[in-house]
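Undergrad: Got a predicted structure here, sequence first:
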Amino acid sequence: MNRREFLAAFGGAVAAPFASIVASVGSQASTGRRVVVLWPRDRVVASFVIDDSTCLVNMGHFCMPQFAEAWPKRSEYQKPWWEWPREIPDSFVEQFLDFCEEFDVRGKYSVVPYPALVGWLDRELPGWPRSALRRSLQLVRDRVLERFDIHPEMLTHTRVVDIRTGRPLEPVSSATMENSFPQERKSVDELAAYIAYSLRILRNCELPCEGITTPGGFGNRVKSELSLAVQHAVTDVFAAEIPHYFKYIVGGDRLPEPKLEHVSRDASGQYRLTVNVPAGTGDWFGGWNGDRKPEPDRYCTVDGTGGRMVEMIERGGPAIMFCHWPGLYSHGALAGFHAFQRVIRTLAQKYGSRLHWMKMSAIARYAAARELTAIEVREDRIVLNAPFACPEFTVRLTGPPPASVVLHAGGTQRPLRRVQDRRQLEPGTWLPAADGNLVCFDLPKGKSHLELGPA
(Lines give C-alpha, C1' and ligand atoms only; values in the text may rest on other atoms or scores of the structure.)
Protein backbone atom coordinates (compact mmCIF):
# COMPACT_ATOMS: atom_id res chain seq x y z
CA MET A 1 0.00 0.00 0.00
CA ASN A 2 1.08 3.56 -0.56
CA ARG A 3 0.33 6.18 2.07
CA ARG A 4 -3.07 7.21 0.75
CA GLU A 5 -4.13 3.63 0.05
CA PHE A 6 -3.41 2.98 3.72
CA LEU A 7 -5.66 5.88 4.64
CA ALA A 8 -8.37 4.49 2.40
CA ALA A 9 -8.23 1.17 4.23
CA PHE A 10 -8.05 2.50 7.76
CA GLY A 11 -9.52 6.01 7.60
CA GLY A 12 -12.66 5.32 5.64
CA ALA A 13 -15.15 6.55 8.20
CA VAL A 14 -14.20 10.18 7.67
CA ALA A 15 -14.43 9.92 3.90
CA ALA A 16 -17.90 8.37 3.72
CA PRO A 17 -20.19 10.03 1.15
CA PHE A 18 -22.66 12.58 2.52
CA ALA A 19 -25.38 11.93 -0.06
CA SER A 20 -26.10 9.85 -3.10
CA ILE A 21 -25.28 11.21 -6.53
CA VAL A 22 -28.92 12.10 -7.05
CA ALA A 23 -30.13 13.85 -3.92
CA SER A 24 -33.80 14.66 -3.51
CA VAL A 25 -33.94 17.96 -1.65
CA GLY A 26 -37.31 19.38 -2.66
CA SER A 27 -40.82 19.10 -1.38
CA GLN A 28 -43.77 17.81 -3.36
CA ALA A 29 -46.65 20.02 -4.43
CA SER A 30 -50.21 18.91 -5.12
CA THR A 31 -49.24 18.58 -8.79
CA GLY A 32 -46.94 15.72 -7.83
CA ARG A 33 -43.93 17.65 -9.12
CA ARG A 34 -40.65 16.93 -7.35
CA VAL A 35 -37.16 18.41 -7.61
CA VAL A 36 -34.02 16.29 -7.73
CA VAL A 37 -30.59 17.94 -7.78
CA LEU A 38 -28.20 16.36 -10.29
CA TRP A 39 -24.51 16.91 -10.96
CA PRO A 40 -23.72 19.82 -13.35
CA ARG A 41 -25.35 19.55 -16.78
CA ASP A 42 -26.48 16.01 -15.85
CA ARG A 43 -23.01 14.72 -16.63
CA VAL A 44 -20.46 12.59 -14.80
CA VAL A 45 -18.08 14.77 -12.80
CA ALA A 46 -14.40 13.92 -13.29
CA SER A 47 -11.28 15.41 -11.74
CA PHE A 48 -7.52 14.75 -11.69
CA VAL A 49 -5.70 15.15 -8.36
CA ILE A 50 -1.91 15.67 -8.50
CA ASP A 51 0.25 15.45 -5.38
CA ASP A 52 3.92 16.24 -4.70
CA SER A 53 4.16 18.93 -7.36
CA THR A 54 5.88 22.28 -6.89
CA CYS A 55 8.07 24.68 -8.82
CA LEU A 56 11.12 23.02 -10.43
CA VAL A 57 12.03 20.79 -7.47
CA ASN A 58 11.74 17.04 -8.05
CA MET A 59 10.25 16.02 -4.72
CA GLY A 60 11.18 12.37 -5.28
CA HIS A 61 14.88 13.27 -5.40
CA PHE A 62 14.90 15.60 -2.40
CA CYS A 63 12.37 13.82 -0.15
CA MET A 64 13.92 10.36 -0.31
CA PRO A 65 17.05 10.98 1.85
CA GLN A 66 15.01 12.82 4.47
CA PHE A 67 12.48 10.00 4.68
CA ALA A 68 15.36 7.51 4.92
CA GLU A 69 16.79 9.36 7.90
CA ALA A 70 13.45 9.40 9.70
CA TRP A 71 12.59 5.76 8.87
CA PRO A 72 16.00 4.06 8.39
CA LYS A 73 14.57 0.52 8.37
CA ARG A 74 12.07 1.03 5.57
CA SER A 75 13.29 -0.50 2.31
CA GLU A 76 10.96 1.85 0.41
CA TYR A 77 13.34 4.69 1.26
CA GLN A 78 16.60 2.90 0.42
CA LYS A 79 16.65 3.82 -3.24
CA PRO A 80 19.32 5.59 -5.34
CA TRP A 81 17.81 9.03 -5.12
CA TRP A 82 21.15 10.63 -6.08
CA GLU A 83 20.77 9.15 -9.57
CA TRP A 84 17.40 10.80 -10.12
CA PRO A 85 17.03 14.27 -11.68
CA ARG A 86 16.82 17.11 -9.19
CA GLU A 87 14.47 19.11 -11.39
CA ILE A 88 11.15 18.57 -13.12
CA PRO A 89 11.43 21.29 -15.76
CA ASP A 90 8.78 23.78 -16.73
CA SER A 91 8.92 22.44 -20.26
CA PHE A 92 7.27 19.29 -18.94
CA VAL A 93 4.64 21.36 -17.09
CA GLU A 94 3.79 23.04 -20.40
CA GLN A 95 3.67 19.71 -22.24
CA PHE A 96 1.32 18.35 -19.59
CA LEU A 97 -0.91 21.43 -19.74
CA ASP A 98 -1.07 21.38 -23.53
CA PHE A 99 -2.51 17.88 -23.33
CA CYS A 100 -4.94 18.80 -20.54
CA GLU A 101 -6.22 21.73 -22.59
CA GLU A 102 -6.84 19.43 -25.56
CA PHE A 103 -9.09 17.17 -23.45
CA ASP A 104 -10.31 19.78 -20.94
CA VAL A 105 -8.83 17.92 -17.96
CA ARG A 106 -9.16 19.80 -14.66
CA GLY A 107 -8.44 19.09 -11.01
CA LYS A 108 -5.96 19.92 -8.25
CA TYR A 109 -2.20 20.62 -8.43
CA SER A 110 -0.06 20.95 -5.31
CA VAL A 111 2.58 23.63 -4.93
CA VAL A 112 4.69 22.76 -1.89
CA PRO A 113 5.76 26.15 -0.43
CA TYR A 114 9.15 25.14 1.09
CA PRO A 115 9.76 21.96 -0.92
CA ALA A 116 11.82 19.43 1.06
CA LEU A 117 13.65 22.35 2.74
CA VAL A 118 15.31 23.27 -0.57
CA GLY A 119 14.13 26.88 -0.52
CA TRP A 120 11.19 29.24 0.01
CA LEU A 121 9.15 29.80 -3.13
CA ASP A 122 8.46 33.40 -2.10
CA ARG A 123 12.19 34.07 -1.57
CA GLU A 124 14.95 31.93 -3.07
CA LEU A 125 15.32 28.42 -4.44
CA PRO A 126 19.03 27.56 -4.00
CA GLY A 127 20.37 25.79 -7.06
CA TRP A 128 18.21 27.79 -9.46
CA PRO A 129 18.52 31.43 -10.56
CA ARG A 130 15.89 33.70 -9.09
CA SER A 131 14.72 34.40 -12.64
CA ALA A 132 13.98 30.68 -13.15
CA LEU A 133 11.87 30.57 -9.99
CA ARG A 134 9.97 33.66 -11.08
CA ARG A 135 9.29 32.17 -14.52
CA SER A 136 8.09 28.95 -12.93
CA LEU A 137 5.70 30.77 -10.62
CA GLN A 138 4.41 32.83 -13.53
CA LEU A 139 3.71 29.63 -15.43
CA VAL A 140 1.61 28.40 -12.52
CA ARG A 141 -0.28 31.70 -12.39
CA ASP A 142 -0.79 31.92 -16.15
CA ARG A 143 -1.63 28.35 -17.06
CA VAL A 144 -1.91 25.89 -14.17
CA LEU A 145 -4.51 27.98 -12.34
CA GLU A 146 -6.75 27.97 -15.38
CA ARG A 147 -7.41 24.23 -14.98
CA PHE A 148 -6.21 23.21 -11.52
CA ASP A 149 -6.74 24.44 -7.99
CA ILE A 150 -3.49 25.22 -6.22
CA HIS A 151 -2.98 23.63 -2.80
CA PRO A 152 -0.09 23.76 -0.39
CA GLU A 153 0.83 20.22 0.55
CA MET A 154 1.70 21.55 3.93
CA LEU A 155 4.97 23.42 4.30
CA THR A 156 7.83 21.10 3.28
CA HIS A 157 6.27 17.65 2.78
CA THR A 158 9.23 16.36 4.76
CA ARG A 159 10.37 17.97 8.03
CA VAL A 160 8.02 19.80 10.39
CA VAL A 161 9.13 23.42 10.75
CA ASP A 162 8.97 25.55 13.88
CA ILE A 163 6.95 28.43 12.47
CA ARG A 164 8.39 30.80 15.07
CA THR A 165 11.95 30.34 13.79
CA GLY A 166 11.56 28.85 10.31
CA ARG A 167 13.86 25.97 11.26
CA PRO A 168 12.98 22.25 11.09
CA LEU A 169 12.32 20.47 14.36
CA GLU A 170 14.97 18.21 15.87
CA PRO A 171 15.75 15.37 16.22
CA VAL A 172 14.82 13.85 12.87
CA SER A 173 12.28 11.10 13.48
CA SER A 174 8.76 10.07 12.51
CA ALA A 175 7.53 12.54 15.14
CA THR A 176 9.08 15.49 13.31
CA MET A 177 8.04 14.57 9.78
CA GLU A 178 4.92 16.09 8.24
CA ASN A 179 3.77 12.72 6.87
CA SER A 180 3.13 11.45 10.41
CA PHE A 181 2.54 14.69 12.31
CA PRO A 182 1.28 15.19 14.93
CA GLN A 183 1.77 12.14 17.10
CA GLU A 184 0.02 13.73 20.04
CA ARG A 185 -3.14 15.78 20.41
CA LYS A 186 -3.01 19.23 18.83
CA SER A 187 -5.62 21.94 19.11
CA VAL A 188 -7.49 23.39 16.16
CA ASP A 189 -5.60 26.65 16.66
CA GLU A 190 -2.19 24.94 16.57
CA LEU A 191 -3.02 23.07 13.38
CA ALA A 192 -4.58 26.14 11.78
CA ALA A 193 -1.47 28.20 12.53
CA TYR A 194 0.75 25.70 10.71
CA ILE A 195 -1.58 25.45 7.72
CA ALA A 196 -1.93 29.24 7.55
CA TYR A 197 1.85 29.64 7.56
CA SER A 198 2.00 27.46 4.43
CA LEU A 199 -0.85 29.34 2.80
CA ARG A 200 0.76 32.73 3.38
CA ILE A 201 3.84 31.71 1.41
CA LEU A 202 1.64 30.90 -1.58
CA ARG A 203 -0.23 34.16 -1.06
CA ASN A 204 3.13 35.94 -1.24
CA CYS A 205 3.63 34.14 -4.56
CA GLU A 206 0.23 35.49 -5.77
CA LEU A 207 -1.22 31.98 -5.89
CA PRO A 208 -4.83 31.91 -4.61
CA CYS A 209 -5.93 28.86 -2.63
CA GLU A 210 -9.36 27.64 -1.57
CA GLY A 211 -8.08 24.41 -0.07
CA ILE A 212 -5.12 22.34 1.07
CA THR A 213 -3.71 18.85 0.60
CA THR A 214 -2.28 16.86 3.49
CA PRO A 215 1.12 15.21 3.00
CA GLY A 216 0.50 11.50 3.61
CA GLY A 217 -0.71 10.88 7.14
CA PHE A 218 -0.63 14.50 8.31
CA GLY A 219 -3.39 14.91 10.89
CA ASN A 220 -4.30 11.22 11.15
CA ARG A 221 -4.68 11.42 14.94
CA VAL A 222 -6.64 14.67 14.89
CA LYS A 223 -8.96 14.27 11.91
CA SER A 224 -11.83 16.35 13.22
CA GLU A 225 -9.53 19.10 14.46
CA LEU A 226 -7.71 19.07 11.12
CA SER A 227 -10.92 19.62 9.17
CA LEU A 228 -11.88 22.60 11.31
CA ALA A 229 -8.32 23.95 11.16
CA VAL A 230 -8.50 23.89 7.36
CA GLN A 231 -11.68 25.95 7.56
CA HIS A 232 -10.10 28.53 9.85
CA ALA A 233 -6.78 28.80 7.99
CA VAL A 234 -8.12 29.01 4.43
CA THR A 235 -10.81 31.48 5.48
CA ASP A 236 -8.35 33.65 7.42
CA VAL A 237 -5.62 33.80 4.75
CA PHE A 238 -7.69 33.82 1.55
CA ALA A 239 -11.22 34.65 2.74
CA ALA A 240 -12.38 31.54 0.89
CA GLU A 241 -16.14 31.08 1.02
CA ILE A 242 -16.04 27.27 0.83
CA PRO A 243 -12.73 25.82 2.14
CA HIS A 244 -11.98 22.26 1.08
CA TYR A 245 -9.22 19.70 1.47
CA PHE A 246 -7.85 16.52 -0.05
CA LYS A 247 -6.64 13.74 2.22
CA TYR A 248 -8.49 10.49 1.57
CA ILE A 249 -8.90 7.85 -1.11
CA VAL A 250 -11.98 5.67 -1.15
CA GLY A 251 -12.07 2.30 -2.83
CA GLY A 252 -14.09 -0.87 -2.96
CA ASP A 253 -17.70 -0.24 -3.87
CA ARG A 254 -17.66 3.39 -2.70
CA LEU A 255 -17.68 6.50 -4.86
CA PRO A 256 -15.54 9.53 -3.95
CA GLU A 257 -18.39 11.82 -3.03
CA PRO A 258 -17.63 15.06 -1.19
CA LYS A 259 -18.51 15.28 2.47
CA LEU A 260 -19.55 18.45 4.29
CA GLU A 261 -17.88 18.81 7.68
CA HIS A 262 -18.13 21.27 10.58
CA VAL A 263 -21.19 22.99 9.13
CA SER A 264 -22.39 25.94 11.21
CA ARG A 265 -24.03 29.34 10.80
CA ASP A 266 -22.81 32.62 12.23
CA ALA A 267 -24.92 35.40 13.70
CA SER A 268 -25.66 36.80 10.24
CA GLY A 269 -26.90 33.44 9.01
CA GLN A 270 -23.86 32.82 6.79
CA TYR A 271 -22.77 29.18 6.61
CA ARG A 272 -19.26 28.12 7.57
CA LEU A 273 -18.10 24.66 6.56
CA THR A 274 -15.27 22.49 5.27
CA VAL A 275 -15.67 20.17 2.29
CA ASN A 276 -13.72 16.92 2.31
CA VAL A 277 -13.16 15.88 -1.33
CA PRO A 278 -11.63 12.39 -1.65
CA ALA A 279 -10.20 10.64 -4.70
CA GLY A 280 -11.31 7.27 -5.98
CA THR A 281 -8.13 5.66 -7.33
CA GLY A 282 -4.66 4.80 -6.15
CA ASP A 283 -1.53 6.13 -7.87
CA TRP A 284 -0.88 3.76 -10.75
CA PHE A 285 1.11 6.03 -13.07
CA GLY A 286 4.55 5.97 -11.45
CA GLY A 287 4.40 6.44 -7.70
CA TRP A 288 5.49 9.30 -5.48
CA ASN A 289 9.18 8.91 -6.38
CA GLY A 290 8.71 8.20 -10.09
CA ASP A 291 10.36 4.78 -10.29
CA ARG A 292 7.32 2.49 -10.50
CA LYS A 293 6.16 0.91 -13.73
CA PRO A 294 2.86 2.52 -14.81
CA GLU A 295 -0.29 0.40 -14.61
CA PRO A 296 -2.76 2.42 -16.68
CA ASP A 297 -5.20 -0.48 -17.05
CA ARG A 298 -6.03 -0.11 -13.37
CA TYR A 299 -7.57 3.26 -14.28
CA CYS A 300 -8.98 2.27 -17.67
CA THR A 301 -8.25 -0.67 -19.95
CA VAL A 302 -7.20 -0.12 -23.54
CA ASP A 303 -10.65 -1.07 -24.81
CA GLY A 304 -12.41 1.04 -22.16
CA THR A 305 -14.30 -1.90 -20.64
CA GLY A 306 -12.65 -2.01 -17.22
CA GLY A 307 -10.64 -0.12 -14.61
CA ARG A 308 -11.55 1.99 -11.61
CA MET A 309 -12.31 5.14 -13.64
CA VAL A 310 -14.68 3.21 -15.88
CA GLU A 311 -16.36 1.70 -12.83
CA MET A 312 -16.93 5.12 -11.24
CA ILE A 313 -18.18 6.66 -14.48
CA GLU A 314 -20.59 3.80 -15.15
CA ARG A 315 -22.02 4.27 -11.66
CA GLY A 316 -22.60 7.98 -12.26
CA GLY A 317 -19.48 9.31 -10.54
CA PRO A 318 -17.83 11.38 -9.31
CA ALA A 319 -14.78 9.86 -11.02
CA ILE A 320 -11.73 11.38 -9.33
CA MET A 321 -8.31 10.02 -10.30
CA PHE A 322 -5.09 10.47 -8.34
CA CYS A 323 -1.33 10.43 -8.93
CA HIS A 324 1.97 12.02 -7.91
CA TRP A 325 3.81 14.51 -10.11
CA PRO A 326 7.21 12.72 -10.07
CA GLY A 327 5.40 9.59 -11.25
CA LEU A 328 4.17 11.38 -14.37
CA TYR A 329 7.69 12.66 -15.09
CA SER A 330 9.27 9.23 -14.45
CA HIS A 331 12.80 10.65 -14.06
CA GLY A 332 12.57 12.19 -17.51
CA ALA A 333 11.31 9.07 -19.33
CA LEU A 334 7.69 10.39 -19.15
CA ALA A 335 6.37 6.84 -18.86
CA GLY A 336 3.71 7.89 -16.36
CA PHE A 337 2.67 10.82 -18.54
CA HIS A 338 2.32 8.62 -21.60
CA ALA A 339 0.19 6.19 -19.58
CA PHE A 340 -1.96 9.13 -18.44
CA GLN A 341 -2.40 10.25 -22.06
CA ARG A 342 -3.55 6.79 -23.07
CA VAL A 343 -6.11 6.67 -20.24
CA ILE A 344 -7.53 10.11 -21.04
CA ARG A 345 -7.77 9.39 -24.76
CA THR A 346 -9.61 6.14 -24.09
CA LEU A 347 -12.05 7.81 -21.69
CA ALA A 348 -12.67 10.65 -24.14
CA GLN A 349 -13.30 8.26 -27.00
CA LYS A 350 -15.72 6.15 -24.97
CA TYR A 351 -17.61 8.80 -23.01
CA GLY A 352 -17.14 12.06 -24.91
CA SER A 353 -19.40 14.79 -23.57
CA ARG A 354 -20.74 12.55 -20.77
CA LEU A 355 -17.66 13.56 -18.76
CA HIS A 356 -17.50 16.97 -17.10
CA TRP A 357 -14.00 17.76 -15.81
CA MET A 358 -13.98 20.10 -12.81
CA LYS A 359 -11.54 21.69 -10.41
CA MET A 360 -11.70 20.39 -6.86
CA SER A 361 -12.99 23.77 -5.61
CA ALA A 362 -15.85 23.62 -8.12
CA ILE A 363 -16.79 20.15 -6.90
CA ALA A 364 -16.73 21.40 -3.30
CA ARG A 365 -18.92 24.39 -4.17
CA TYR A 366 -21.44 22.26 -6.01
CA ALA A 367 -21.60 19.79 -3.13
CA ALA A 368 -22.22 22.60 -0.65
CA ALA A 369 -24.93 24.19 -2.81
CA ARG A 370 -26.59 20.85 -3.46
CA GLU A 371 -26.75 20.01 0.23
CA LEU A 372 -27.60 23.40 1.72
CA THR A 373 -29.87 25.14 -0.79
CA ALA A 374 -33.47 25.17 0.44
CA ILE A 375 -35.90 24.21 -2.33
CA GLU A 376 -39.67 24.58 -2.18
CA VAL A 377 -42.06 23.29 -4.84
CA ARG A 378 -45.16 25.37 -5.54
CA GLU A 379 -47.88 25.10 -8.16
CA ASP A 380 -46.22 27.31 -10.75
CA ARG A 381 -42.70 27.81 -9.47
CA ILE A 382 -39.65 26.33 -7.76
CA VAL A 383 -38.42 28.60 -4.96
CA LEU A 384 -34.73 28.45 -4.03
CA ASN A 385 -32.80 29.98 -1.16
CA ALA A 386 -29.09 29.37 -1.72
CA PRO A 387 -26.34 30.18 0.81
CA PHE A 388 -23.80 30.04 -2.05
CA ALA A 389 -23.88 30.92 -5.73
CA CYS A 390 -23.23 27.89 -7.90
CA PRO A 391 -22.54 27.75 -11.66
CA GLU A 392 -24.22 25.08 -13.79
CA PHE A 393 -26.72 24.10 -11.08
CA THR A 394 -28.85 21.35 -12.59
CA VAL A 395 -32.15 19.90 -11.41
CA ARG A 396 -34.68 17.38 -12.65
CA LEU A 397 -38.35 18.40 -12.36
CA THR A 398 -40.75 15.49 -12.41
CA GLY A 399 -44.19 15.95 -13.90
CA PRO A 400 -45.41 17.23 -17.26
CA PRO A 401 -43.16 19.58 -19.28
CA PRO A 402 -43.91 23.27 -18.66
CA ALA A 403 -44.52 25.61 -21.57
CA SER A 404 -41.55 27.72 -20.47
CA VAL A 405 -39.02 28.17 -17.66
CA VAL A 406 -37.95 31.62 -16.44
CA LEU A 407 -35.32 32.32 -13.77
CA HIS A 408 -36.21 35.22 -11.45
CA ALA A 409 -33.41 36.64 -9.30
CA GLY A 410 -32.47 40.06 -7.96
CA GLY A 411 -35.36 41.83 -9.60
CA THR A 412 -34.53 40.48 -13.05
CA GLN A 413 -35.97 37.66 -15.08
CA ARG A 414 -34.23 35.47 -17.62
CA PRO A 415 -36.11 33.05 -19.88
CA LEU A 416 -34.31 29.74 -20.24
CA ARG A 417 -33.84 28.34 -23.73
CA ARG A 418 -35.40 24.99 -24.53
CA VAL A 419 -33.00 22.49 -26.11
CA GLN A 420 -33.56 19.14 -27.79
CA ASP A 421 -30.55 17.08 -26.66
CA ARG A 422 -28.71 16.44 -23.38
CA ARG A 423 -25.46 17.43 -25.06
CA GLN A 424 -26.89 20.95 -25.50
CA LEU A 425 -27.64 21.32 -21.79
CA GLU A 426 -25.72 24.29 -20.41
CA PRO A 427 -26.48 27.20 -18.06
CA GLY A 428 -29.61 28.99 -19.21
CA THR A 429 -31.27 26.00 -20.87
CA TRP A 430 -33.84 23.32 -20.12
CA LEU A 431 -34.72 20.01 -21.71
CA PRO A 432 -37.94 17.98 -21.55
CA ALA A 433 -36.88 14.34 -21.17
CA ALA A 434 -38.50 10.99 -20.56
CA ASP A 435 -37.09 10.82 -17.04
CA GLY A 436 -38.06 14.40 -16.14
CA ASN A 437 -37.49 17.97 -17.21
CA LEU A 438 -33.83 18.96 -16.89
CA VAL A 439 -33.07 22.58 -15.99
CA CYS A 440 -29.55 24.03 -15.91
CA PHE A 441 -28.80 27.55 -14.67
CA ASP A 442 -26.28 29.58 -12.71
CA LEU A 443 -27.74 29.52 -9.21
CA PRO A 444 -27.48 32.96 -7.57
CA LYS A 445 -26.77 33.40 -3.89
CA GLY A 446 -29.87 34.19 -1.88
CA LYS A 447 -33.48 33.91 -3.00
CA SER A 448 -34.55 33.13 -6.55
CA HIS A 449 -37.22 31.08 -8.26
CA LEU A 450 -37.94 29.21 -11.46
CA GLU A 451 -41.30 30.21 -12.95
CA LEU A 452 -42.93 27.33 -14.81
CA GLY A 453 -45.26 28.35 -17.61
CA PRO A 454 -48.53 26.40 -17.84
CA ALA A 455 -48.40 23.54 -20.32
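TA: Thanks, I have it.

Undergrad: so who does the nearest residue to residue 271 once chain neighbours are set aside touch?
TA: Leaving aside its chain neighbours, residue 271 sits nearest to residue 387 (4.6 Å; criterion: Cβ to Cβ, 6 or more residues apart in numbering). Every residue, glycine included, has its C-beta placed from N, CA and C. Going by Cβ atoms under 8 Å, 6 or more residues apart in numbering, residue 387 touches 270-271, 368-369, 372-373, 445.

Undergrad: so what's the closest residue to residue 45 other than its chain neighbours up against?
TA: Nearest residue to residue 45, sequence neighbours excluded (Cβ to Cβ, 6+ apart): residue 318, at 4.3 Å. Residues in contact with residue 318 (Cβ under 8 Å, 6+ apart) are 21, 39, 44-47, 255-258, 280, 312, 363.

Undergrad: can I get the residues you listed in JSON lines with secondary structure?
TA: Output for the contacts of residue 318, formatted as JSON lines (DSSP: H, G, I helix; E, B strand; the rest coil):
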{"residue": "21", "secondary structure": "coil"}
{"residue": "39", "secondary structure": "coil"}
{"residue": "44", "secondary structure": "strand"}
{"residue": "45", "secondary structure": "strand"}
{"residue": "46", "secondary structure": "strand"}
{"residue": "47", "secondary structure": "strand"}
{"residue": "255", "secondary structure": "coil"}
{"residue": "256", "secondary structure": "coil"}
{"residue": "257", "secondary structure": "coil"}
{"residue": "258", "secondary structure": "coil"}
{"residue": "280", "secondary structure": "coil"}
{"residue": "312", "secondary structure": "helix"}
{"residue": "363", "secondary structure": "helix"}
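
Undergrad: I'd like to know which of these is nearest to residue 147.
TA: Using Cβ to Cβ, residue 47 is the member of these that lies nearest residue 147, at 10.5 Å.

Undergrad: quick one: that closest one from residue 108, how far?
TA: As for residue 47, its distance to residue 108 is 7 Å (criterion: Cβ to Cβ, to the nearest Å).

Undergrad: could you say what helices and strands the helix or strand containing residue 396 packs with?
TA: Using DSSP states H and E, residue 396 maps to strand 390-397. When contacts are defined as 3 or more Cβ pairs under 8 Å, 6 or more residues apart in numbering; DSSP states H and E, strand 390-397 packs onto strand 35-38, helix 360-372, strand 436-443.

Undergrad: Tell me which strands it pairs with, and in which orientation.
TA: Using DSSP bridges, the strands paired with strand 390-397 are strand 35-38 (antiparallel), strand 436-443 (antiparallel).

Undergrad: would TSV of the contacts of residue 318 with pLDDT and distance to residue 399 be doable?
TA: Listed next are those as TSV, based on pLDDT from 0 to 100; distance: Cβ to Cβ, whole Å:
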residue	pLDDT	distance to residue 399
21	35	22
39	97	21
44	98	25
45	98	26
46	98	31
47	98	33
255	97	29
256	98	32
257	97	27
258	98	29
280	98	34
312	98	31
363	98	29
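
Undergrad: Kindly reformat these as JSON lines containing distance to residue 424 and neighbour count.
TA: As requested, these are exported to JSON lines (distance: Cβ to Cβ, whole Å; neighbours: other Cβ atoms under 10 Å):
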{"residue": "21", "distance to residue 424": "22", "neighbour count": "17"}
{"residue": "39", "distance to residue 424": "17", "neighbour count": "22"}
{"residue": "44", "distance to residue 424": "17", "neighbour count": "21"}
{"residue": "45", "distance to residue 424": "19", "neighbour count": "26"}
{"residue": "46", "distance to residue 424": "20", "neighbour count": "26"}
{"residue": "47", "distance to residue 424": "24", "neighbour count": "28"}
{"residue": "255", "distance to residue 424": "27", "neighbour count": "18"}
{"residue": "256", "distance to residue 424": "28", "neighbour count": "28"}
{"residue": "257", "distance to residue 424": "27", "neighbour count": "24"}
{"residue": "258", "distance to residue 424": "27", "neighbour count": "26"}
{"residue": "280", "distance to residue 424": "29", "neighbour count": "24"}
{"residue": "312", "distance to residue 424": "25", "neighbour count": "24"}
{"residue": "363", "distance to residue 424": "23", "neighbour count": "27"}
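
Undergrad: Same list, those residues, but as a markdown table with distance to residue 71 please.
TA: Formatted as a markdown table, the contacts of residue 318 follow (distance: Cβ to Cβ, whole Å):
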| residue | distance to residue 71 |
| --- | --- |
| 21 | 40 |
| 39 | 41 |
| 44 | 39 |
| 45 | 37 |
| 46 | 35 |
| 47 | 31 |
| 255 | 33 |
| 256 | 29 |
| 257 | 33 |
| 258 | 33 |
| 280 | 28 |
| 312 | 33 |
| 363 | 34 |
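
Undergrad: Quick check: of these, which lies closest to residue 225?
TA: Distance to residue 225, by Cβ to Cβ, is smallest for residue 258 among the contacts of residue 318, at 19.8 Å.

Undergrad: How far off centre is stretch 248-268?
TA: Distance of stretch 248-268 from its chain centroid, counting by Cα atoms, centre = their mean, to the nearest Å, is 12 Å.

Undergrad: buried stuff in that stretch?
TA: Under the neighbour-count criterion of 16 or more other Cβ atoms under 10 Å, stretch 248-268 has 248-251, 254-262 buried.

Undergrad: distance between the ends of it?
TA: 33 Å (Cα to Cα, to the nearest Å).

Undergrad: still on that earlier bit, the strand holding residue 396: which residues count as buried?
TA: Quick answer for strand 390-397 (16+ other Cβ under 10 Å): 390, 392-397.

Undergrad: Same question for stretch 88-106.
TA: 88, 90, 92-93, 96-97, 100, 105-106.

Undergrad: what's the closest of these to residue 327?
TA: Distances from residue 327 to the buried residues of stretch 88-106, taken by Cβ to Cβ, are shortest for residue 88, at 10.8 Å.

Undergrad: wait, that closest one sits on residue 55?
TA: No. Counting by Cβ atoms under 8 Å, residue 88 does not reach residue 55; the two are 9.2 Å apart.

Undergrad: The residue nearest to residue 271 and residue 361: what is the separation?
TA: For residue 387 relative to residue 361 (Cβ to Cβ), the value is 16 Å.

Undergrad: Same check on residue 290?
TA: For residue 290, the distance to residue 361 (Cβ to Cβ) stands at 27 Å.

Undergrad: do residue 48 as well
TA: Relative to residue 361, residue 48 is positioned 14 Å away (Cβ to Cβ).
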